[in-house]
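Novice: please work out how this folds:
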Amino acid sequence: MAALRAVFDTNVVVSALVFGQRLAWLRRAWASETAVPVVCRETTEELLRVLRYPKFRLGAAERRVLLEDFLPYAEVLPVPDHLAALPVGVRDRDDAVFLRLALAARVPLASGDADFTVLRDLAPVPIWSAAELRQRLPE
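Specialist: Residues are numbered from 1 along each chain as shown. Coordinates of the predicted model:
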C-alpha cells in the first residue's frame, strides 16, 4: 500500500519531535515511510523558528538532531504563486501557507490548531487531527 502523504502543521511536528511520547507513532510512521510529510521552504522556516523558542531550551546541536529526524523523510514542494489567495480565510496569516501547501500537493492537512479545526467543513482539502491521520495510515 502507498504511503500517506500529508502536510503536518508546525504544532504536530514539534509535538512529535520534542514531546515524543504522545506522537511517537508519527515519528515511526515517517521514518518507516508509511507517512510522508510534505513541506515547502516557508513551512520549514516556520519549524526552524519555532524550535528556537526559549521555552524548548534546545541548543543548535539538539535542533539539528531533531531536524535530521524529520527533514530527510519529507517531500519538498514549492507553493505556486497562483495559490496566494485561498478560498477560505485563515485567521493567522502565517498558517495560510500550510493550507496552500496541502492544496498544491493535493493532500490532507494534519493539524491540532483550532484555527484550522474551525475550517474543516470549508477548506478545499481535508483537515485532520493527528488521531484521524493515525486511523488513515496504511497498515
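Novice: what does the closest residue to Ala105 other than its chain neighbours show for phi and psi?
Specialist: Spatial nearest neighbour of Ala105, chain neighbours left out: Val38 (4.7 Å); criterion: C-beta to C-beta, 6 or more residues apart in numbering. Using the backbone N, CA and C atoms, a C-beta is placed for each residue, glycine as well. Main-chain torsions, Val38, degrees, to the nearest 10: phi -100, psi 130.
Novice: mind checking how far Ala60 is from Arg106?
Specialist: Look at Ala60 and Arg106: by C-beta to C-beta, to the nearest Å, they are 35 Å apart.
Novice: right, I mislabeled it, should have said Ala6
Specialist: Distance from Ala6 to Arg106, by C-beta to C-beta: 11 Å.
Novice: those two: which is more packed in?
Specialist: Neighbour count, other C-beta atoms under 10 Å: between Ala6 and Arg106, Ala6 has more, with 25 against 10.
Novice: adjacent strands (with direction) for the helix or strand hosting that one?
Specialist: Using DSSP states H and E, Ala6 falls within strand 4-8. According to DSSP bridges, strand 4-8 has the following sheet partners: strand 35-39 (parallel), strand 109-110 (parallel).
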